[in-house]
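Q: got a predicted structure plus its sequence, pasted below:
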Amino acid sequence: MRSVQTRMVWSYLLLIVLVVSVLGGVFGALMWNYYYGSAQSSVKQRAESALNQHARSLSSLTVEDQADYMLQYMVDGGTRLQLLDSTGQIRIDSDGFAADIRYVTSDVKTAIAGSTGSWRGVDPYFQERVVSVTIPIWNETRVVSMLRYSASLAQVDEMVSLLIRMAAAVGIGVVLLFLGLSLFLAQRIVKPIRELTRAARYMADGDWTRRALQRNDDEIGQLAETFNTLAMELSKREKLKNDFISSISHELRTPLTSIKGWSETLKESEPTEDDEEVKLGLSIISKETERLSGLVEDLLDFSKLSARSMDLNTELLDFNSPVRETVNQLAVREEQTKVRLIAAYGKGPIVVRGDANRLKQVLINLIDNAFKFTPAGGTIRVATAAAQNEALLTVADTGCGIEAEHLPNVTEKFYKANTAQGGSGLGLAICKEIIELHGGQLNVDSERGAGTIVTVRVPLMHEA
């Protein structure tokens, strides 16, 4: 498997090699044209200057006399001068020799045709690279001879070769430099990704304490921050899940133990014994069975809410109605708990669209919590009201209250501010979900030692 770092380095390397190759090619072409063009232009300029100066004299002489004239008046250092006849045969050169050679290069052919020709290549006689310019000498209507100027390209070749080698060295250096930079940059980019991968593997193995380092405030840094947030949430949920399993196991074990114990007691009891013990056992079995039923109902509701499969049987109803029924139902607990339950209902019908049974479920849970955490002699106040576009329900108690550090989490699933108290930790979470399904809100306000106020808001139906 090719890593991201390898692909990045190869991509950068191919890109820079392409750029360096193109720039090097352009530079080489420019240098080539500049130096060789300058050499050819220089020779051509000298040839044309000599022709303008000596053409009239040369045109009136024979080829033999042109050779003497050339040696006497036209030989100059820096370039080689050759006199050719009309067929390209050398008659004399600037050194005074007449080699037995006939030029057939393109510049000579052009001059035979009557025009000035230029050529660059290896001289067939001197065996060196030269640039040559051949100009025709006319005698009225025909070319009688040609002057061939040539200059060695040894120094030009050496200079161009040096420049090309320098350009190649610079190009290789640039490629190596960018290769090192690409390795460095790829390493910087890939390193936090590798750390994220390593942290994810530790988390997959069950180590939720691992965190990814946030090195920079860029996309990868934001990814690391999101990953750490995810890890914290998962760790928190894992803790809540473990606490819930521990709590629900205890909650289920207690009533089951009581039911089992009293069932065996009743089974082994003598028929002649007092019926009081039987009544007590049956009462305990009934209460513990009711507790188990409540736990199972909470779990079923939680399952439905998690799967988004809870359906509401909504209808237009007076918000006071389910509240009044629930208060009357739970008022019997006043004598047992020594806690007063006081209700105040808003004037007139408070019309909402909702599921009466689910709203009663919410209120039962809220009042049950208030009874559970309010000591004897305390008070629970339930009130309804209509305010602008909302139907309001408040359940206020004078109980022990909730500490500030626990208050933001009390409506989370499985969260229990007081682990000593029974329950699954799902009650308020389910209440909040049900109210939100009605399009409303549930808020909890509490202070340690000063009681708790739960406020429920549900949209009001003015049209009805």
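A: Sure, I can see it.
Q: show me where this structure has strands.
A: Taking DSSP state E as the test, the strands found in the chain are 80-85, 90-93, 117-122, 129-139, 142-152, 315-318, 340-344, 351-354, 379-387, 390-397, 441-447, 451-459.
Q: closest to residue 40 out of these?
A: Residue 40 lies closest to strand 129-139 among those, at 4.8 Å (CB to CB). The C-beta positions use only the backbone N, C-alpha and C, and glycine is treated the same way.
Q: show me the helices in the stretch 101-250 of the chain, by range?
A: Using DSSP state H, counting those that start in this stretch, the helices of the stretch 101-250 of the chain run over 106-112, 154-204, 219-268.
Q: how about these in JSON lines, adding mean neighbour count?
A: What follows is the helices of the stretch 101-250 of the chain, written out as JSON lines (neighbours: other CB atoms under 10 Å):
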{"stretch": "helix 106-112", "mean neighbour count": "20"}
{"stretch": "helix 154-204", "mean neighbour count": "14"}
{"stretch": "helix 219-268", "mean neighbour count": "14"}
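Q: tabulate those helices in a markdown table, adding columns for mean pLDDT.
A: Shown next, in a markdown table, are the helices of the stretch 101-250 of the chain (pLDDT from 0 to 100):
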| stretch | mean pLDDT |
| --- | --- |
| helix 106-112 | 88 |
| helix 154-204 | 83 |
| helix 219-268 | 70 |
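Q: could you dump those helices into CSV with distance to residue 348 added?
A: Shown next, in CSV, are the helices of the stretch 101-250 of the chain (distance: least, CB to CB, whole Å):
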stretch, distance to residue 348
helix 106-112, 114
helix 154-204, 56
helix 219-268, 42
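Q: nearest to residue 39, of those helices?
A: helix 154-204 (5.2 Å).
Q: helices or strands up against the closest one?
A: Packing partners of helix 154-204 (3 or more CB pairs under 8 Å, 6 or more residues apart in numbering; DSSP states H and E): helix 4-59, helix 219-268.
Q: now for residue 329: which residues touch it?
A: Each residue near residue 329 by CB atoms under 8 Å, 6 or more residues apart in numbering is listed here: residue 364.
Q: which other residues reach stretch 316-328?
A: In contact with stretch 316-328 (CB under 8 Å, 6+ apart) are residues 341, 343, 345-346, 349-354, 356-357, 359-360, 363-364, 367, 382, 384, 391, 393, 458, 461, 464.
Q: narrow those to just the buried residues.
A: 341, 343, 345-346, 350-354, 356, 359-360, 363-364, 367, 382, 384, 391, 393, 458, 461 (16 or more other CB atoms under 10 Å).
Q: coming back round to it: possible to save the helices and strands packed on helix 154-204 as TSV with distance to residue 209?
A: Formatted as TSV, these follow (distance: least, CB to CB, whole Å):
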stretch	distance to residue 209
helix 4-59	27
helix 219-268	7
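Q: right, and the ones you listed - which one's nearest residue 186?
A: Taking those one by one with CB to CB, helix 4-59 is closest: 4.2 Å.
Q: now the angle from that closest one to strand 129-139?
A: 30 degrees (axes from the mean of the first three to the mean of the last three CA atoms, to 10 degrees).
Q: show the average pLDDT along helix 4-59.
A: For helix 4-59, the mean per-residue pLDDT is 83.
Q: show me what it is packed up against.
A: helix 63-69, strand 117-122, strand 129-139, strand 142-152, helix 154-204.
Q: now tabulate these in TSV and tack on distance to residue 83.
A: Putting those into TSV (distance: least, CB to CB, whole Å) gives the following:
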stretch	distance to residue 83
helix 63-69	5
strand 117-122	16
strand 129-139	9
strand 142-152	6
helix 154-204	24
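Q: nearest to residue 25, out of the strands of the chain?
A: Once these are compared by CB to CB, strand 117-122 is nearest, at 20.3 Å.
Q: got a list of what the spatially most central residue of the chain touches?
A: Nearest to the geometric centre of the chain sits residue 219, at 5.2 Å (CA atoms, centre = their mean). Residues near residue 219 by CB under 8 Å, 6+ apart: none.
Q: any idea how far residue 193 is from it?
A: 11 Å (CB to CB, to the nearest Å).
Q: ok, now residue 162?
A: For residue 162, the distance to residue 193 - CB to CB - is 46 Å.
Q: before we move on, what about residue 276?
A: Look at residue 276 and residue 193: by CB to CB, they are 73 Å apart.
Q: model confidence for the residue nearest to residue 92 when sequence neighbours are not counted, exactly?
A: Take residue 92 and drop its neighbours on the chain: the residue closest to it by CB to CB, 6 or more residues apart in numbering is residue 67, 4.1 Å away. pLDDT, residue 67: 80.
Q: likewise for residue 274?
A: Taking residue 274 on its own, its pLDDT is 56.
Q: go on, residue 295?
A: For residue 295, the model assigns a pLDDT of 64.
Q: isn't residue 442 up against residue 454?
A: Yes - the criterion here is CB atoms under 8 Å, and residue 442 meets it with residue 454 at 6.9 Å.
Q: quick one, which of the two is more surrounded?
A: residue 454 (25 against 22; other CB atoms under 10 Å).
Q: count of residues packed around the residue nearest to the more buried one when sequence neighbours are not counted?
A: Excluding its sequence neighbours, the residue lying closest to residue 454 (CB to CB, 6+ apart) is residue 395, at 4.7 Å. The local packing of residue 395 (other CB under 10 Å) involves 22 other residues.
Q: thought residue 395 was touching residue 366?
A: Yes - with contact defined as CB under 8 Å, residue 395 counts as touching residue 366 (4.4 Å).
Q: joint contacts of the two?
A: In contact with both residue 395 and residue 366: residue 454, using CB under 8 Å, 6+ apart.
Q: re the thing from before, how about the helices and strands packed on helix 154-204, which one is nearest residue 172?
A: Judging these by CB to CB, what sits closest to residue 172 is helix 4-59, at 8.4 Å.
Q: the closest one vs strand 80-85, what angle?
A: Using the same axes, to 10 degrees, helix 4-59 lies at 60 degrees relative to strand 80-85.
Q: distance of the residue nearest to residue 92 relative to residue 352?
A: Distance from residue 67 to residue 352, counting by CB to CB: 125 Å.
Q: likewise for residue 313?
A: Going from residue 313 to residue 352 by CB to CB gives 14 Å.
Q: which pLDDT does the model give residue 307?
A: Taking residue 307 on its own, its pLDDT is 56.
Q: show me how the record splits this protein into domains.
A: As assigned by automatic domain parsing, the chain contains the domains 4-158, 234-306, 315-459.
Q: pull the contacting residues for residue 178.
A: By CB under 8 Å, 6+ apart, residue 178 lies in contact with 12, 13, 16.
Q: how about those residues in a markdown table, adding neighbour count?
A: Rendered in a markdown table, the data for the contacts of residue 178 read as follows (neighbours: other CB under 10 Å):
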| residue | neighbour count |
| --- | --- |
| 12 | 17 |
| 13 | 16 |
| 16 | 19 |
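Q: distance to residue 404 added to those, as JSON lines?
A: JSON lines is the format used below for the contacts of residue 178 (distance: CB to CB, whole Å):
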{"residue": "12", "distance to residue 404": "54"}
{"residue": "13", "distance to residue 404": "59"}
{"residue": "16", "distance to residue 404": "59"}
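Q: right, I'll call it a day here.
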